[in-house]
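Asks: Sequence below, structure please.
(chains A and B)
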Amino acid sequence: AQTVTQSQPEMSVQEAETVTLSCTYDTSESDYYLFWYKQPPSRQMILVIRQEAYKQQNATENRFSVNFQKAAKSFSLKISDSQLGDAAMYFCAYRGNTGNQFYFGTGTSLTVIP
Amino acid sequence: ETGVTQTPRHLVMGMTNKKSLKCEQHLGHNAMYWYKQSAKKPLELMFVYNFKEQTENNSVPSRFSPECPNSSHLFLHLHTLQPEDSALYLCASSQASGSLAKNIQYFGAGTRLSVL
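Replies: Numbers count the residues shown, from 1 in each chain, chains lettered A, B, ... in the order given. Down below sits the predicted model:
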């Protein structure tokens, strides 16, 4: 089975600064999808950004961008100009090209310091 | 509001009780999922339904029984649970087909379950 590893249980960032959350994964597939989800205290998981493995260009959504390194099987999330509302648990997730299995990491708790 | 509603938000039950968790999606999706979220562990996929048919059962104990009467509703029936079953149970939905759409899951806010 595929595994997703988030090696940073907790991170903190000063408001308006930039922070990078790490994610690595293990797979033998060549075509797959990667995601970052945010889970605030309200518990509702919200999709932040997604990346198709066949695309070389890194995905970007406003202040959120990824650094996708396919050969290294690395998928980090960069949050620029951090805001207090960015404080949450962040989960990295993987989905293969077939089936319905999504694999999640253990999450990184992000604190934003005013 | 992401269009996926879970009830109840919190549930406390004894080991001999029978209870049910409910999930409803208003997004027109036809795939629905149950996940278990425990502290410091990855989300565990429990069950998947595509067009009301169960397509995944990840070795979940029989004390958890899913039901999907239609594409908009998903239930998780609970019976004789153990204290280690205490967790946040999340429901999600997605399209079942379409290369990009099927890869985006929308989640409910979960049911926080405590088994005494």
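Asks: Which residues of chain A lie near chain B?
Replies: Remark: the part of chain A in contact with chain B comprises A:4, A:9, A:33, A:35, A:37, A:42-47, A:50, A:52, A:91, A:93, A:95, A:99-107, using C-beta under 8 Å from any C-beta of the partner chain. For every residue, glycine as well, the C-beta is placed using N, CA and C.
Asks: Mind checking which of those land in helices?
Replies: Using DSSP state H to define helices, no part of the residues of chain A next to chain B is located there.
Asks: which residues does residue A:65 contact?
Replies: Contacts were defined as C-beta atoms under 8 Å, 6 or more residues apart in numbering or on different chains; by that measure residue A:65 touches A:49, A:58, A:59, A:77, A:78, A:80.
Asks: try 6 Å
Replies: Counting by C-beta atoms under 6 Å, 6 or more residues apart in numbering or on different chains, residue A:65 makes contact with residue A:78.
Asks: just residue B:23 next, same as before
Replies: B:6, B:74, B:91, B:108.
Asks: and it, how far is that from residue B:91?
Replies: With distances taken as C-beta to C-beta, to the nearest Å, residue B:23 is found 3 Å from residue B:91.
Asks: hmm, back to that, buried ones only from the residues of chain A next to chain B, please, as a PyMOL command.
Replies: To isolate the buried subset of the residues of chain A next to chain B in PyMOL, counting by 16 or more other C-beta atoms under 10 Å in any protein chain shown, use the following:
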select buried, chain A and resi 4+33+35+37+43+44+45+47+50+52+91+93+95+100+102+103+104+105+106+107
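Asks: so what's the residue most central in space within chain A bridging to?
Replies: Centroid check for chain A by C-alpha atoms, centre = their mean gives residue A:36 as the closest residue, at 3.3 Å. When assigned by DSSP bridges, residue A:36 has beta-bridge partners residue A:49, residue A:92.
Asks: Also residue A:5?
Replies: Using DSSP bridges, the bridge partners assigned to residue A:5 are residue A:24.
Asks: Surely it touches residue A:24?
Replies: Yes - counting by C-beta atoms under 6 Å, residue A:5 touches residue A:24, with 4.9 Å between them.
Asks: more crowded one of these two?
Replies: More neighbours sit around residue A:24 than around the other of residue A:5 and residue A:24, counting by other C-beta atoms under 10 Å in any protein chain shown; the figures are 17 against 14.
Asks: confidence score at that one?
Replies: The model reports residue A:24 with a pLDDT of 97.
Asks: got it, and residue B:42?
Replies: Taking residue B:42 on its own, its pLDDT is 86.
Asks: what's the overlap in contacts for residue B:23 and residue B:91?
Replies: Both residue B:23 and residue B:91 are contacted by B:6, B:74, B:108, under the criterion C-beta under 6 Å, 6+ apart.
Asks: Quick check: the last one touching residue B:7?
Replies: Okay, so that is residue B:108. No - using C-beta under 6 Å, residue B:108 is not in contact with residue B:7, being 9.1 Å away.
Asks: Give me the contact list for the helix or strand of chain B with the lowest mean pLDDT.
Replies: Using mean pLDDT, DSSP states H and E, the weakest-scoring helix or strand in chain B turns out to be strand B:53-57, at a mean of 80. Contact partners of strand B:53-57, identified using C-beta under 6 Å, 6+ apart, comprise A:100, B:47, B:48.
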